[in-house]
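Visitor: Structure, please.
(one chain, ligands or ions: 1)
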Amino acid sequence: MIQIKNISKTFGDRKVLDDISATFKPGNTSLIIGGSGTGKSVLLKCMIGLVTPEQGEVLYDGRDFLKGDEETVKAIRREMGVLFQGSALFDSKNVIDNVRFPLEMLTDMSESEKEDRAQFCLQRVGLEQAATRMPSEISGGMKKRVGIARAIVMNPKYLFCDEPNSGLDPLTSIKIDQLIKEITDEFNITTIVITHDMNSMMEIGEQISFLYQGHKIWEGDSNTIVNTNVAELNEFIYANKLLRDMSR
Ligand SMILES: Nc1ncnc2c1ncn2[C@@H]1O[C@H](COP(=O)(O)OP(=O)(O)OP(=O)(O)O)[C@@H](O)[C@H]1O
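Guide: Okay, the predicted model is just below:
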């Protein structure tokens, strides 16, 4: 479980996160949604330690990530998997070496153990046939799958996905969403996905937090989101015609 409590972050004189609190449960795919520039990525960066908030707490199963001692923070970091926007693969490494990379950096596993684990993760995302291909030789959807395989290779308790659907067609997007949800269920991971993809919300929105101008102004799921009275959220979701039609 991840708990964030009263997180605030200011850049210069601009408060981009204002007193955000939320709880994210294991086995759940939790979405953080909102328009451009509302603070989604900054919030994610606060959770994974790339940005330090000036106020608030980030607790990983009760362990304090911001004020914890070095050992605690290191242990939490090892339990995180991150799927970055754009997949962030190493162009000079083939698919399986990209997946193996965290094992090389962070474990003392034997060569055969690393190979087995990387193969297992590639299989799990349906890419065992592509192990020796280079990133330049595979599609955007396949790159995301490689990114997911790499994000889970260390067997994370916590998985963060920053706009996993960016640049993908709707069908591939749904497949990627489903894969993230399946993996979350299967390995009981606490997963947080940043998205402004409406299909994702309807497909995998077990818990959805809506950010608006740095505030969390709504929380719910894919059933309740279409019947909300929050004007800013309605404006955000009904900008999408398909949903507008569905709600009629
Ligand atoms: N390092 C930084 N220094 C200054 N301002 C920043 C920094 N990082 C983000 N911001 C600002 O914080 C605000 C929130 O940015 P953020 O990237 O979190 O938005 P977002 O909701 O993820 O948007 P998008 O959906 O477009 O990615 C923006 O106005 C952005 O310019």
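Visitor: In the protein, where's the longest helix?
Guide: Taking DSSP state H as the criterion, the chain has its longest helix at helix 170-187.
Visitor: any idea of the pLDDT on the residue nearest in space to the middle of the chain?
Guide: Central residue of the chain (Cα atoms, centre = their mean): residue 161, 2.0 Å from the mean position. Per-residue pLDDT puts residue 161 at 94.
Visitor: Now the phi/psi pair for it, please.
Guide: Phi and psi for residue 161, reported as degrees, to the nearest 10, are phi -130, psi 120.
Visitor: about what we covered before: specify the angle between the helix or strand that the longest helix of the chain is followed by and helix 170-187 in degrees.
Guide: Downstream of helix 170-187, the first helix or strand assigned by DSSP states H and E is strand 190-194. Angle of strand 190-194 versus helix 170-187, following axes from the mean of the first three to the mean of the last three Cα atoms, to 10 degrees, is 160 degrees.
Visitor: From the chain's centroid, how far away is strand 190-194?
Guide: 4 Å (Cα atoms, centre = their mean, to the nearest Å).
Visitor: Run through who's touching it.
Guide: Strand 190-194 is contacted from outside by 1-2, 24-33, 40-41, 44, 47, 157-164, 180-181, 183-184, 200, 204, using Cβ atoms under 8 Å, 6 or more residues apart in numbering. (C-beta placed from N, C-alpha, C; glycine too.)
Visitor: buried subset of these?
Guide: 2, 24, 28-33, 40-41, 44, 47, 157-164, 180-181, 183-184, 200, 204 (16 or more other Cβ atoms under 10 Å).
Visitor: Also near the ligand: which of those, exactly?
Guide: Residues of the buried ones among the contacts of strand 190-194 in contact with the ligand (Cβ under 6 Å from any ligand atom): 40, 41.
Visitor: mind listing which of the buried ones among the contacts of strand 190-194 are in helices?
Guide: 40, 41, 44, 47, 180, 181, 183, 184, 200, 204.
Visitor: from those residues, which is closest to residue 60?
Guide: The nearest member of these to residue 60, counting by Cβ to Cβ, is residue 47 at 9.1 Å.
Visitor: What's opposite the residue lying closest to that closest one once chain neighbours are set aside in the beta bridge?
Guide: Of all residues beyond its chain neighbours, the one nearest residue 47 is residue 58 (5.6 Å), with distances taken as Cβ to Cβ, 6 or more residues apart in numbering. Beta-bridge partners for residue 58, by DSSP bridges, are residue 4.
Visitor: OK, contacts around residue 58?
Guide: Residue 58 neighbours (Cβ under 8 Å, 6+ apart): 2, 3, 4, 5, 7, 46, 47, 64, 65, 66.
Visitor: Quick check, the third one in contact with residue 57.
Guide: Yes - look at residue 4 against residue 57 with Cβ atoms under 8 Å: they come within range, at 7.1 Å.
Visitor: Same drill for these two, tell me which one is more crowded.
Guide: Neighbours were counted for residue 4 and for residue 57 using other Cβ atoms under 10 Å; residue 4 has more, 23 against 15.
Visitor: quick one: the more buried one from residue 151, how far?
Guide: Separation of residue 4 from residue 151 (Cβ to Cβ, to the nearest Å): 20 Å.
Visitor: Any regions of the protein where pLDDT drops low?
Guide: Flagging of the chain using pLDDT under 70 yields the residue ranges 240-248.
Visitor: ok so residue 15 is a strand residue?
Guide: Yes - according to DSSP: H, G, I helix; E, B strand; the rest coil, residue 15 belongs to a strand.
Visitor: So which residues on the chain come close to the ligand?
Guide: Checking the chain against the ligand by Cβ under 6 Å from any ligand atom, the hits are 11, 16, 34, 36, 37, 38, 39, 40, 41, 42, 196.
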